[in-house]
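Visitor: Sequence and computational prediction follow.
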Amino acid sequence: MLRRVDAEQSVAELMADIGRKARAAAHPLSTASPDQKTRALFSMADAIDRRKAEILSANKQDMANGRKAGMAASLLDRLKLDELRIAGMSESIRAIADLKDPVGDVIAEWDRPNGLHIERVRTPLGVIGVIYESRPNVTADAGALCLKSGNAVVLRGGSDSAHSSKAIHEALLEGLEAAELPKDAIQLVPTTDRTAVGEMLKGLDGNLDVIIPRGGRSLVARVQLEARVPVFAHLEGLCHLYIDASADLAMARKIAVNAKMRRTGVCGSAETLLVDRLIAPTHLVPLLEDLSAAGCEIRGDKAVTEVYAEAKLATEEDWSTEYLDAIISVKLVDGVGGAIDHINHYSSHHTEAVIAEDAWVVERFFSEIDSAILLHNASTQFADGGEFGMGAEIGIATGKMHARGPVGVEQLTSFKYRVRGSGQTRP
């Protein structure tokens, strides 16, 4: 057996080689034609469909390992693949293929008084590192989005989804080969050794241009603390749903259950329900009964527990917890102002929703809350790049630099200026 220092040196050498290969693949990918990239993407989608049995078999092994390790039900749901989810992966890749190619798109252009014509044009970022946990579908989404945007990508999935990610990655390589694009354009780190993550955070000898973390607070915190290359920030999804006094009760009930219980393990799942104190006598109990009937545990403030005896008394920690489970914290607030104060204090700036018929309430909610995604009369579970028409997304960026909200093909580009003259010189 290798000594630990030898193992670290081996992983460092492996990752350095991956970085060099990614950089070498980045140039031909950045100049690949839209037709060539589209051909690769459709071939990838077809390969995923053909390899469905292999992918399901690999995922079965990951699921068995997850259960053996005592993984929570919500995390097992993130990990799980079935025929419907595999079909969703291939459909997502086809949707990305059908998007307009962003590379070379002229974002803006103008003329100067001296006759110079200036254009701002989209360009690929270069080499992107994606570090993610649990969800094997990220392998397909990230690979396809980076390809469409002309970027090479280094994928480092979680150890819990290693077999699933490997099976999906093989389908992506098949698509690259079919379109005669370099196979090193989409690389999957072949080791679960955490030293590999450290090497990516160092930048792979200058070969990584940006890192995108997709996972829990501990992963994101480590990336933000240690990364020596730019990071697209993605904090946890501590999402809020506010029910205003002007809300339609039937709509509020339907949305509340969907926002929390459709899939509790996704980052767009509502974790805190805020209800206007004025409608507590009419709206609160029906809302909580619906959630409870759907299997959700209720943790409420003192006012909520006095009205709904089945609720557990919430602690201060509950207001800042991303449960990723069938648990929701509930609080009565003094109108939209109280909701805004609570959200601005506890939110991770991911996604918030307001259910209201009063236009003034909606505009105040939209203008005074600075989260990446704000919704009116719709479930927080729409916080998804596919639902935004982006085909898919690598994650929801909650920072304010470069990209914010769903990170799709346009967000994976930078820009350069092209200046055209006719002999001008500067006096």
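Guide: Okay, I see it. The structure presented is a predicted model; accordingly, all values stated were derived computationally and were not measured.
Visitor: what residues go with each domain of the chain?
Guide: 4-232+407-419, 239-382 (automatic domain parsing).
Visitor: Tell me which of those domains sits nearest to residue 401.
Guide: Ranking those by distance to residue 401, with C-beta to C-beta as the measure, places domain 4-232+407-419 first at 7.9 Å. (C-beta placed from N, C-alpha, C; glycine too.)
Visitor: who wins for proximity to residue 391 among the domains of the chain?
Guide: domain 4-232+407-419 (3.6 Å).
Visitor: Now tabulate the domains of the chain in JSON lines and tack on distance to residue 397, mean pLDDT and mean neighbour count.
Guide: Listed next are the domains of the chain as JSON lines, based on distance: least, C-beta to C-beta, whole Å; pLDDT from 0 to 100; neighbours: other C-beta atoms under 10 Å:
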{"stretch": "domain 4-232+407-419", "distance to residue 397": "5", "mean pLDDT": "93", "mean neighbour count": "19"}
{"stretch": "domain 239-382", "distance to residue 397": "7", "mean pLDDT": "96", "mean neighbour count": "19"}
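Visitor: Columns distance to residue 400 on top of the ones you listed, output as CSV?
Guide: Putting these into CSV (distance: least, C-beta to C-beta, whole Å) gives the following:
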stretch, distance to residue 400
domain 4-232+407-419, 11
domain 239-382, 9
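Visitor: What is the burial count for residue 390?
Guide: Residue crowding around residue 390 was assessed by other C-beta atoms under 10 Å; the count is 21.
Visitor: Tell me how far it lies from residue 102.
Guide: Separation of residue 390 from residue 102 (C-beta to C-beta, to the nearest Å): 11 Å.
Visitor: Mutual contacts of the two, please.
Guide: Common neighbours of residue 390 and residue 102, counting by C-beta atoms under 8 Å, 6 or more residues apart in numbering, are residue 409.
Visitor: Show me the helices in the stretch 1-150 of the chain, by range?
Guide: 4-30, 34-50, 52-68, 73-79, 83-98, 137-148 (DSSP state H, counting those that start in this stretch).
Visitor: Out of these, which gets nearest to residue 399?
Guide: Set against residue 399 and scored by C-beta to C-beta, the helices of the stretch 1-150 of the chain come closest in helix 137-148, at 18.1 Å.
Visitor: For the following helix or strand past the closest one, which outside residues touch it?
Guide: The first helix or strand that comes after helix 137-148 along the chain, using DSSP states H and E, is strand 152-156. Residues from elsewhere that reach strand 152-156 (C-beta under 8 Å, 6+ apart): 18-19, 22-23, 25-26, 29, 126-132, 138-139, 142-143, 146-147, 165, 169, 184-189, 196-197, 200, 204, 208.
Visitor: Please compute how far strand 152-156 lies from its chain's middle.
Guide: 15 Å (C-alpha atoms, centre = their mean, to the nearest Å).
Visitor: partners of that strand, with directions?
Guide: Counting by DSSP bridges, the strands paired with strand 152-156 are strand 127-132 (parallel), strand 186-188 (parallel).
Visitor: nearest to residue 116, of these?
Guide: It is, among the strands paired with strand 152-156 and with distance given as C-beta to C-beta, strand 127-132, at 32.3 Å.
Visitor: Contacts for that closest one next, please.
Guide: Contact partners of strand 127-132, identified using C-beta under 8 Å, 6+ apart, comprise 19, 22-23, 26, 138, 142, 146, 151-158, 197, 200, 204, 207-215, 219, 223, 229, 394, 412.
Visitor: Go again with 7 Å.
Guide: 22-23, 26, 138, 142, 146, 151-158, 197, 200, 207-215, 219, 223, 394, 412 (C-beta atoms under 7 Å, 6 or more residues apart in numbering).
Visitor: ok, now how distant is residue 89 from residue 181?
Guide: Taken as C-beta to C-beta, the span from residue 89 to residue 181 is 20 Å.
Visitor: er, residue 375 actually
Guide: Distance, residue 375 to residue 181, using C-beta to C-beta: 38 Å.
Visitor: Quick check, pLDDT for residue 235.
Guide: Reading off the confidence values, residue 235 has pLDDT 67.
Visitor: Could you do residue 2 as well?
Guide: The confidence metric pLDDT takes the value 38 at residue 2.
Visitor: Wait, residue 192 touches residue 161, no?
Guide: No. With contacts defined as C-beta atoms under 7 Å, residue 192 does not count as touching residue 161, sitting 10.1 Å away.
Visitor: Enumerate the beta-bridge partners assigned to residue 299.
Guide: Under DSSP bridges, the beta-bridge partners of residue 299 are residue 312, residue 329.
Visitor: now it: how far from residue 289?
Guide: Going from residue 299 to residue 289 by C-beta to C-beta gives 16 Å.
Visitor: list the contacts for the closest residue to residue 419 other than its chain neighbours?
Guide: In space, and not counting its chain neighbours, residue 419 is closest to residue 118: 5.2 Å by C-beta to C-beta, 6 or more residues apart in numbering. The neighbours of residue 118, taking C-beta under 7 Å, 6+ apart as the test, are 109-110, 112, 417, 419.
Visitor: For the stretch 201-350 of the chain, which segments count as helices?
Guide: 217-226, 249-261, 285-293, 302-307, 335-346.
Visitor: Which one, of the ones you listed, ends up nearest to residue 379?
Guide: Comparing those under C-beta to C-beta, the one sitting nearest is helix 249-261, at 4.4 Å.
Visitor: tell me which strands and helices the closest one is in contact with?
Guide: strand 239-243, strand 270-276, helix 285-293, strand 351-355 (3 or more C-beta pairs under 7 Å, 6 or more residues apart in numbering; DSSP states H and E).
Visitor: any idea how far the third one is from the chain center?
Guide: By that I understand helix 285-293. 29 Å.
Visitor: got the angle for it vs strand 239-243?
Guide: 140 degrees (axes from the mean of the first three to the mean of the last three C-alpha atoms, to 10 degrees).
Visitor: Could I get the CA-only coordinates of helix 285-293 as PDB?
Guide: Extracted C-alpha coordinates of helix 285-293, given in PDB (Å, rounded to 0.1, in the frame of the first residue of the first chain):
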ATOM      1  CA  VAL A 285     -54.400  25.900   9.900                       C
ATOM      2  CA  PRO A 286     -55.400  24.800   6.400                       C
ATOM      3  CA  LEU A 287     -51.800  25.500   5.100                       C
ATOM      4  CA  LEU A 288     -50.300  23.500   8.000                       C
ATOM      5  CA  GLU A 289     -52.800  20.700   7.700                       C
ATOM      6  CA  ASP A 290     -52.000  20.300   4.000                       C
ATOM      7  CA  LEU A 291     -48.300  20.200   4.700                       C
ATOM      8  CA  SER A 292     -48.700  17.700   7.500                       C
ATOM      9  CA  ALA A 293     -50.900  15.500   5.400                       C
END
